[in-house]
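K.L.:
What follows is a protein structure lacking sequence information:
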C-alpha cells in the first residue's frame, strides 16, 4: 500500500476510535416512567442522581436518589427522598440536591398543596444525615425555581423565585401553574414587579438563619443557578426583568462572612425585549477560583447561547463568546473541569422534525472555544427536559436527560471532555454551522397574558 494512503487510513481509524470513545451509554438506576433527572458531585467525587419516578404506594409519585461512587461502574440501589400523591413534576422546574461540607444531603422538590380548593405549587426541602436513607420532616421553602449551594459548617444557601404580588405565601394561585402565572388584579395600576429573587441561609438542622431579597424584579419562570466560590462566597445567576420587558441575564455574589449580596449586574447587556418568559435560565459552575456561566438570549430575533469565564472567582470576567451552532434551543448546562476550563452543553435544533441534539463545547478562561461535539440525540419536546451533568474524578462527564416517550425514561451517558481540544490541535470532529429556520422557543407569557407555562407536558 502507498505509505501516504496507509498513514491516512491509520489516522482515520484513530479518529473513528476516538469518536466512539467520546460518549458511552451508561446503565440507569431509574425505572420506566421516569423524568426530570438532576446530577451533583460531592466533594469526594461521588455522583448523586435524582429523578422523578413511580412512587412507593399506589397513586403516588416519588423523588428518587442513587449514587455512583468514584471508580465504580454501577449505581447504588435507588432510595426514596419523598413519595406523595402531591408531587409536582414540571419539565423546567425540577428537583435538586446539595451535598453539604458535613456530608449531609439537602434535597428540594415541588408539591401541590392539599385540599379540594388548593391551587399552584410550592417548593419543599428536607435534609438527610445518613446518605439519603432517612430524611427529616419536610418543610416549605418558597414558590419555584430553587437553587441550592452548600456552605461551611453544614449550612446551605437556597435561592428561589417568589411572587412579588402576594404577601401571604399561601394565597390562592392559578391552578396547575407556577405562581409567576398570576395576573395583576389591578390591571390599571402602575407597574409592579411580578416576581422577585429571594435567598435564605439554612442551618444544619434545616431551620432558617436569615433571608434576603436579592433582586426585587426578575423574570417569571427561568431557572436560577448557584456556584460556590472560595471563602464561602456564592455566585448566583438568574434572568432579570425591567418595566420595559428587558429580560437579560444577571448575577449577584453572596458573601457569607459579611452576610451581604453584591449589587445585581448583567452578564451581558443583550437588550432582549420580550413580553414573555423564555423558560431558559443561565447555568454556572466553579472549581476553585475558576468560574464559567452560560446563558440563552434571542435579542434582535437571533437565538444565541453565550458564555463568559472568570479566573478570579467572579470578580472579573472575560469577554462573552457565542457557543451555539446557529439554531439553539438553549436548556444549558455548565461543568467545570480540573484544568479550569468548562464544558458547556446545550440543545440545538436537529434536521428532522422535533429532533434536537445535545452538544458540548469547551471554554477556556481566555475565551477560546473548542469545536462542538454531538453528545446525544434528544427531542425538542418539553418532556425531554434539560440535560444535567457532573464530572467524575477520572475527568469524564456524566450526563442525564429524559428520553421523551410513552413512558418517559431517564437516560445516562458519560463523555470525555479531553476530546474537546483547543483549536490548532487535532480535533476529533469538525464544527457544523447549522442553517435553517430559527428555533421555536418555549415561552411563559407575562402576567398580563393568558398563556402560561404549563406543567409536564
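P.N.:
Yep, that arrived. As the structure is a computational prediction, the values presented were derived from the model and not from experiment.

K.L.:
Outline the domain layout of this protein.
P.N.:
37-169+192-273, 280-310+325-423+430-441 (automatic domain parsing).

K.L.:
Now those domains in a markdown table, please, with extra columns for distance to residue 317 and mean neighbour count.
P.N.:
To be clear about C-beta, it is placed using only N, CA and C from the backbone, and glycine gets the same treatment. Listed next are the domains of the chain as a markdown table, based on distance: least, C-beta to C-beta, whole Å; neighbours: other C-beta atoms under 10 Å:
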| stretch | distance to residue 317 | mean neighbour count |
| --- | --- | --- |
| domain 37-169+192-273 | 8 | 19 |
| domain 280-310+325-423+430-441 | 4 | 20 |
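
K.L.:
got those as CSV, with distance to residue 23 columns?
P.N.:
As requested, the domains of the chain are exported to CSV (distance: least, C-beta to C-beta, whole Å):
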stretch, distance to residue 23
domain 37-169+192-273, 16
domain 280-310+325-423+430-441, 4
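
K.L.:
export these to a markdown table and tack on distance to residue 30 and mean pLDDT?
P.N.:
Shown next, in a markdown table, are the domains of the chain (distance: least, C-beta to C-beta, whole Å; pLDDT from 0 to 100):
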| stretch | distance to residue 30 | mean pLDDT |
| --- | --- | --- |
| domain 37-169+192-273 | 5 | 95 |
| domain 280-310+325-423+430-441 | 4 | 94 |
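
K.L.:
looking at these, which is closest to residue 22?
P.N.:
With C-beta to C-beta, the closest approach to residue 22 among the domains of the chain belongs to domain 280-310+325-423+430-441: 5.1 Å.

K.L.:
Distance from the chain centre to the closest one, please.
P.N.:
11 Å (C-alpha atoms, centre = their mean, to the nearest Å).

K.L.:
Which element, helix or strand, includes residue 254?
P.N.:
strand 249-255 (DSSP states H and E).

K.L.:
Nearest residue to residue 329 in space, please, no chain neighbours.
P.N.:
residue 347 (4.1 Å; C-beta to C-beta, 6 or more residues apart in numbering).

K.L.:
Quickly list what that neighbour is bridged to.
P.N.:
residue 330, residue 358 (DSSP bridges).

K.L.:
these two touch, right, it and residue 385?
P.N.:
No - counting by C-beta atoms under 8 Å, residue 347 stays clear of residue 385, with 10.0 Å between them.

K.L.:
quick revisit: who does the strand holding residue 254 pair with, and is each partner parallel or antiparallel?
P.N.:
Per DSSP bridges, strand 249-255 is paired in its sheet with strand 233-239 (antiparallel), strand 260-261 (antiparallel), strand 265-266 (antiparallel).

K.L.:
Turn those strands into a markdown table, including distance to residue 312.
P.N.:
Formatted as a markdown table, the strands paired with strand 249-255 follow (distance: least, C-beta to C-beta, whole Å):
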| stretch | distance to residue 312 |
| --- | --- |
| strand 233-239 | 12 |
| strand 260-261 | 19 |
| strand 265-266 | 15 |
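
K.L.:
so which of those strands comes closest to residue 279?
P.N.:
Using C-beta to C-beta, the nearest of the strands paired with strand 249-255 to residue 279 is strand 233-239, at 9.6 Å.

K.L.:
what sits up against the strand holding residue 254?
P.N.:
157, 199, 214-215, 218, 229, 231-240, 260-268, 270, 281-282, 284, 293, 295, 297, 314 (C-beta atoms under 8 Å, 6 or more residues apart in numbering).

K.L.:
quick one on the thing from earlier: contact partners for the residue nearest to residue 329?
P.N.:
If you count contacts by C-beta under 8 Å, 6+ apart, then residue 347 has 328, 329, 330, 331, 356, 357, 358, 359, 378, 380, 384, 387 around it.

K.L.:
Apply 6 Å and report the result again.
P.N.:
If a contact means C-beta atoms under 6 Å, 6 or more residues apart in numbering, then residue 347 has 329, 331, 356, 358 as its contacts.

K.L.:
nearest spatial neighbour of residue 345, skipping sequence neighbours?
P.N.:
With C-beta to C-beta, 6+ apart as the criterion, residue 345 has its nearest non-adjacent residue at 4.2 Å, and that residue is residue 333.

K.L.:
isn't that neighbour right next to residue 283, touching?
P.N.:
Yes - judged on C-beta atoms under 6 Å, residue 333 makes contact with residue 283 at a distance of 5.2 Å.

K.L.:
For residue 48, see how far away the residue nearest to residue 47 when sequence neighbours are not counted is.
P.N.:
Closest residue in space to residue 47, ignoring its immediate chain neighbours: residue 68 at 4.3 Å, by C-beta to C-beta, 6+ apart. Distance from residue 68 to residue 48, counting by C-beta to C-beta, to the nearest Å: 8 Å.

K.L.:
Next: residue 22.
P.N.:
Taking C-beta to C-beta, one finds residue 22 at 24 Å from residue 48.
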